[in-house]
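# coords please:
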Amino acid sequence: MKSLQPKCIFTMCVLIFMFFLVSGCSDSTSDDTGTTADTATGDTGNPDGGSGDTGSNESVTHKSGESITSSQKWSGTHILEGNLYIKSGVEISPCTKVLVAPGAKISVTDSGSIKSIGTKDCPVVFTSSKSSKAKGDWNLIEIYDKSSSDNAFDYTILEYGGSGSYGMLWIDGGASVKIDNTTFDNSKSYGLYVDQDANIGSFTGNKFSNMDLNPIFISANEVRFLNKIETEGNAVNAVLVNGGNISKAAVWKNIGIPYFIKQHIYIKASVEIEAGNTFLMGNDTKIGISDSGSIKAIGTQDKPIVFTSSKATKDAGDWRLIEIYSTASADNTFEYVTLEFGGNGDYGLLWIDEGADVIIKNTTFKESASYGIYAETGVVISSFSGNKFENIILNPISITAPDIIQLDKFETSGNQVNTILVRGGTTLKKGIWKNTGIPYEMMQNIYIKSAIEVDAGVTILIGPNYKIGVSDSGSLRLKGTKDANITVKSAKSTPAAGDWGEIDIYSTANNDNVWDYVNVMHGGGDDYGQVWVDDGITLTLNNCKFSESKGCDVYVEDGANVVNNSSTYKVCPK
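The predicted structure follows:
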């Protein structure tokens, strides 16, 4: 084989040397990097004044109106010069900073998604692009119903946005998102705005600070998604509930701040309210329960549930009432609850429809512009104990005669009309009219067609010209004692003889009418005395006293029998 000549060897060496020299001096940045050489503006450091290490030196500028139509992974710093439309999947890595131009927004739509997943030590930050930041510098992130269901914010900070009316994060009806360990700070409006029928797959560990409006604006049906939050420095530190129908079973958790009820709420599913919750009821608002819905408001002695006025200076009648309709389920409970500063209307703080079922225990009704409780005929009060009525402008309770048997003793103070208003009616079930602590005031005729007992110490006030009739196998037993007489008298503040009619005991009544230690006065307005006894009826009077009748006290028809044991009364002439 022939060897290479020295000249050829020298030439080849020179060529090889020049090739390596050129290769070693070329630009190390590829023309196709997916990034620009622009330097980020604004404060890219950690919001807590930390190192500013973003985990990447990447810096990307997005032009105003840009649409992302293929999946991307973000890291480093992303600068938004205007509105950005996400129509594909965008994943944002820990430590990423997103600098948003004044007034700009991010819209997630058309099957797009945003997954902003930071870490505790290195969160993702959405902030103003300005060097001197202020609330409302940028607008918001919008999650539309046409986005995918893969939206999530975890260890993310949204700050200095909220220039519009929908907070810094708006979730459309039908959209889905998870929000965990996320901080909303320095918003010009709300932090989070949740429309009706939005879906929040997870909501834990979130913080809201320095909001100009409420931390959260949400529809009533979506409150079920909320969990405990941290708050600090918010101008209105309550969740704004924008009314509406509740169609999904829910637990309204004690998230740490009150719920402000801006508009009427209609509960049509089972709703449980955790102990310690406070509801700030907006002007003239109400809560209605119907259509198989129910409310279980069960507080504790240390953590009562409170329904009160949203006004800074509260007054009776600021809001309306809670209504329980006959179509509601039977699972309604108020226990260790306070209802106050409502009653704007004619039906009290709590209205119970005919056939509606409710438990009321250890509940306080106060500062009502009308009644405390208004019960229609035929209500079912399964339990009633330990309740209080304070500073009620009308009667603490308005009820009809058939349902008196469901009441029990309660406390009162400061009520302008401190009686139970009885709107007449017919009793068909036997029972006891208990000594609740205040008188019963009869403002219509009452017809007793069942066995009724009246406890010792009860006072019955009868309105002008009204009467009580006992018939149809009914009976009236007045069981006073020497130390606790029963009193039946006029309801007028200045009583007089003949103010009311009489108690009529008809022949169809049974003969279990026994009165012990009863004082009867101011009746006889119809010329039949204060008690009229029909043919075939026996009335036993033990230690009873009749006085101040218009004419006489006891009218005894032929065939009637009055048994007198140490009683004083005047027999009416026939």
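
# Hmm, N543 and N519 touching each other?
No. Look at N519 against N543 with C-beta atoms under 8 Å: they stay out of range, at 10.0 Å. For the C-beta atoms, the positions are set from N, CA and C on the backbone; glycine is no exception.

# I381 contacts D408, correct?
No. Between I381 and D408 there is no contact under C-beta under 8 Å: 9.4 Å.

# shared neighbours of those two, anything?
Common contacts of I381 and D408 (C-beta atoms under 8 Å, 6 or more residues apart in numbering): none found.

# Now stretch 139-155: buried residues?
By neighbour count with 16 or more other C-beta atoms under 10 Å, stretch 139-155 contains the buried residues 139-144, 147-148, 151-155.

# among those, which two are most distant?
Greatest spacing in these, by C-beta to C-beta: Y144 and Y155 (23.9 Å).

# Listing request: residues of this structure with sub-threshold pLDDT.
For the chain, the stretches with pLDDT under 70 are 1-56.

# how does it divide into domains?
42-211, 429-574 (automatic domain parsing).

# closest to E323 out of the ones you listed?
From the domains of the chain, taking C-beta to C-beta, the stretch that ends up closest is domain 42-211, at 21.4 Å.

# How far off centre is the closest one?
31 Å (C-alpha atoms, centre = their mean, to the nearest Å).

# With stretch 402-409 instead?
27 Å.

# Span of that stretch from start to end?
This stretch, stretch 402-409, spans 17 Å end to end (C-alpha to C-alpha, to the nearest Å).

# Just the residues contacting it, thanks.
In contact with stretch 402-409 (C-beta under 8 Å, 6+ apart) are residues 375, 377-381, 384-385, 397, 399, 420, 422, 425-437, 440, 452.

# just to revisit the earlier point, quick one: which of the domains of the chain is nearest D284?
Across the domains of the chain, closest to D284 is domain 42-211 (C-beta to C-beta), at 21.4 Å.

# Could you dump the domains of the chain into a markdown table with distance to T278 added?
Shown next, in a markdown table, are the domains of the chain (distance: least, C-beta to C-beta, whole Å):
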| stretch | distance to T278 |
| --- | --- |
| domain 42-211 | 17 |
| domain 429-574 | 29 |
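
# Nearest approach to I392 belongs to which of those domains?
domain 429-574 (11.1 Å).

# my guess is D527 contacts P573, does it?
No. Using C-beta under 8 Å as the test, D527 is too far from P573 to be in contact (10.4 Å).

# Neighbour count: these two, which is higher?
D527 (14 against 8; other C-beta atoms under 10 Å).

# For the more buried one, which residues are in contact?
550-551.

# Could you measure from it over to T426?
According to C-beta to C-beta, to the nearest Å, D527 and T426 sit 25 Å apart.

# all helices in the protein, in order from the N-terminus.
For the chain, the helices defined by DSSP state H occupy 6-24.

# D315: how many residues sit nearby?
10.

# Give the burial count for the nearest residue to it once chain neighbours are set aside, as a bare number.
Among residues not flanking D315 along the chain, F341 sits closest, at 6.4 Å (C-beta to C-beta, 6 or more residues apart in numbering). Applying other C-beta under 10 Å, we find 23 residues neighbouring F341.

# can I assume F341 is in contact with S310?
No. Using C-beta under 8 Å, F341 makes no contact with S310, being 9.3 Å away.

# Now do the shared contacts for those two.
What both F341 and S310 touch, as defined by C-beta under 8 Å, 6+ apart, is the set 281, 318-319.

# residues touching the closest residue to K467 other than its chain neighbours, list them.
Closest residue to K467 apart from its sequence neighbours, by C-beta to C-beta, 6+ apart: G501 at 3.6 Å. For G501, the contact set (C-beta under 8 Å, 6+ apart) comprises 462, 465-467, 523-526, 528.

# With that, I have no additional questions.
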